[in-house]
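[1] This is the structure alone, sequence omitted:
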């Protein structure tokens, strides 16, 4: 039996079994999500074993604690296209000094092929502005921090009423609302929530698990407030602080509400 | 340029059609060429309230489908000059309303009319969405009770996000609050939300307060827009609302309970 036939047979046999497994396990075991992270770029001007090793050791010795399991992206945009790079060798060198190459950016076809052989995926080149010709420094490598598409501020400010049925989320920052939040509306933030008007809907701060997140509002009339998953519902909120200006914060697992 | 005004609420039975008929008639009485469109396809009511149900030949859906032209479907009001009604179809459902079709009809009507009143069906589904999509202004009809206020709040959110103006990032739809079936006596007894309560929750400008009135029901049954009954408190309140819509600054009336025996005294309801 050829391999292909074997594969087909197995596939047919396995098919329904996998389906039942999937059906039994209704809760998926993972979910793909988009995210932005700040990464270190190692900008390569030329590559040969000795000069790379020298420059790397002097760079790392100046800040030995800085490079501990640091993922880096190798930028080949300023490296001559005909410079052959052994990425397996380069990768080993990097790891010796605590840097872990995770991908390459730019580079010629040959270089990318070599990178792929070493198991490094390629990223599209950066925008033109960073590629504008500038004189290459004497050293073989220059390490610099770059932000990859991280906005300067992730805070969100809402100036119009948040109505019933609307949901507003401030990922990665604070949410500031300058108008009433209606019953039946939901506002969420990875950071703090400020409502400079009555809060009548649901407010969830620190939704990614930030225990230090807080909620501030000018009039507490909420259906629910929650910080990092610790919540209180309307019934628990209708005490002496009802319709008062309050702040809410976590003390341990306790959601504490106090007057402002 | 014609103004498109949607009369909407979310909740049913709060007085959208009564309001559409009253405001449309009121605008026409003030000399503006006005058309009222019934978007409640399948549950056609506007023609009854306007008293023209026996004159319906073609309807809104016929015009959208190109089965009739606009002039064949529009019904001219016999009492008020400058006023026309475009009835809904009773035999179809809301899916007959397509965005392109509605736009085509509105574009054509904009050429002749100063005001186009869109009488929205209840709910937040297709019919309501089509009625509000092209609007420049919205009259949100609300009863002074919590579920109606909640639904109005929802509608206001949709007006700010799912209309053509919102999608194109233009100046948002201008919102007006019209409180209907208001009973000052019941508010005083604490059985009903007050104007202030509703204004505080919805935080949009108040266009008018229409008192709970027997005149509304009898006008509906006679097929007579209540605004034509200028003896009644509701008719006067609607007239005030129309004046405010046109930019006049008028004090709100009928907000407090009148003493027994004065109910018959129709003027100066305060």
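    Sure thing, it's come through. Computed from a predicted structure; not experimentally measured.
[2] Check which helix or strand the closest residue to chain A within chain B maps to.
    Using Cβ to the nearest Cβ, the single residue of chain B nearest to chain A is residue B:157, 2.9 Å away. Just so you know, the C-beta spots here come from the backbone N, C-alpha and C atoms, and that holds for glycine as well. Taking DSSP states H and E as the definition, residue B:157 sits inside helix B:146-159.
[3] Tell me how far the next helix or strand after that helix lies from the chain's centre.
    Next along the chain after helix B:146-159, taking DSSP H and E as the criterion, comes helix B:164-167. On the basis of Cα atoms, centre = their mean, to the nearest Å, helix B:164-167 sits 21 Å off its chain's mean C-alpha point.
[4] who's in contact with helix B:164-167?
    Residues outside helix B:164-167 that contact it (Cβ atoms under 8 Å, 6 or more residues apart in numbering or on different chains) are B:133, B:134, B:135, B:136, B:159, B:160, B:170, B:171, B:172, B:173.
[5] which among those end up buried?
    Neighbour counting by 16 or more other Cβ atoms under 10 Å in any protein chain shown classes B:133, B:134, B:135, B:136, B:159, B:160, B:173 among the contacts of helix B:164-167 as buried.
[6] Pick the one among these closest to residue A:216.
    Residue A:216 lies nearest to residue B:160 out of those, by Cβ to Cβ, at 24.5 Å.
[7] What about the residue lying closest to residue B:91 once chain neighbours are set aside, how many residues nearby?
    Setting aside the residues directly before and after it, residue B:91 is nearest to residue B:42 in space (Cβ to Cβ, 6 or more residues apart in numbering or on different chains), at 7.7 Å. A count of neighbours around residue B:42, defined by other Cβ atoms under 10 Å in any protein chain shown, yields 16.
[8] Quick one: classify residue B:42 as helix, strand or coil.
    coil (DSSP: H, G, I helix; E, B strand; the rest coil).
[9] For it, what are phi and psi?
    When read as degrees, to the nearest 10, the backbone of residue B:42 gives phi 100, psi -20.
[10] is it true that residue B:47 touches residue B:38?
    Yes. The pair residue B:47 and residue B:38 qualifies as a contact (Cβ atoms under 8 Å) at a distance of 6.9 Å.
[11] Tell me which of the two has more neighbours.
    For the pair residue B:47 and residue B:38, the greater number of neighbours falls to residue B:38 (29 against 24), based on other Cβ under 10 Å.
[12] so what's residue A:57 up against?
    By Cβ under 8 Å, 6+ apart, the neighbours of residue A:57 are residue A:97.
[13] how much space between it and residue A:51?
    Taking Cβ to Cβ, to the nearest Å as the measure, residue A:57 falls 11 Å from residue A:51.
[14] same deal with residue B:186?
    88 Å.
[15] again with residue B:194
    Look at residue B:194 and residue A:51: by Cβ to Cβ, they are 81 Å apart.
[16] Could you list the domains of chain A?
    Domain ranges of chain A: A:36-126+A:135-148, A:156-259, per automatic domain parsing.
[17] Mean pLDDT added to the ones you listed, as CSV?
    Converted to CSV, those look like this (pLDDT from 0 to 100):
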stretch, mean pLDDT
domain A:36-126+A:135-148, 79
domain A:156-259, 94
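[18] Highest mean neighbour count across the ones you listed, which stretch is it?
    Mean neighbour count (mean count of other Cβ atoms under 10 Å in any protein chain shown) peaks for domain A:156-259 among the domains of chain A, with a mean of 19.
[19] quick one: is it near chain B?
    Yes. Using Cβ under 8 Å from any Cβ of the partner chain, we find that domain A:156-259 touches chain B at A:160-166, A:179-180, A:182-185, A:198, A:200.
[20] between the residues you listed, which is nearest residue B:216?
    Among the residues of domain A:156-259 next to chain B, residue A:164 lies closest to residue B:216 (Cβ to Cβ), at 27.3 Å.
[21] Could you find the closest non-adjacent residue to the closest one?
    Residue A:164 sits nearest to residue A:184 (Cβ to Cβ, 6+ apart), 3.2 Å away.
[22] From residue A:52, how far off is that neighbour?
    61 Å.
[23] got it, and residue B:51?
    For residue B:51, the distance to residue A:52 - Cβ to Cβ - is 91 Å.
[24] so who does the residue of the stretch 151-260 of chain A found nearest chain B touch?
    Across the stretch 151-260 of chain A, the shortest distance to chain B (Cβ to the nearest Cβ) belongs to residue A:163, at 2.9 Å. Contact analysis of residue A:163 by Cβ under 8 Å, 6+ apart lists A:182, A:184, A:185, B:153, B:154, B:156, B:157, B:158, B:160.
[25] Which two among the buried ones among the contacts of helix B:164-167 are spaced furthest apart?
    Using Cβ to Cβ, these span at most 15.1 Å, a distance reached by B:134 and B:160.
[26] which other residues reach stretch A:72-80?
    The contact list for stretch A:72-80 (Cβ under 8 Å, 6+ apart) reads A:39-47, A:85, A:87, A:90, A:94, A:99-108, A:111, A:115, A:120, A:123, A:125-126, A:130-131, A:136, A:143.
[27] quick one: which of those residues sit in strands?
    A:39-44, A:99-105, A:123, A:143 (DSSP state E).
[28] closest to residue B:126 among those?
    Distances from residue B:126 to the ones in strands among the contacts of stretch A:72-80, taken by Cβ to Cβ, are shortest for residue A:123, at 44.2 Å.
[29] wait, doesn't that closest one sit right on residue A:104?
    Yes. Counting by Cβ under 8 Å, residue A:123 touches residue A:104, with 7.0 Å between them.
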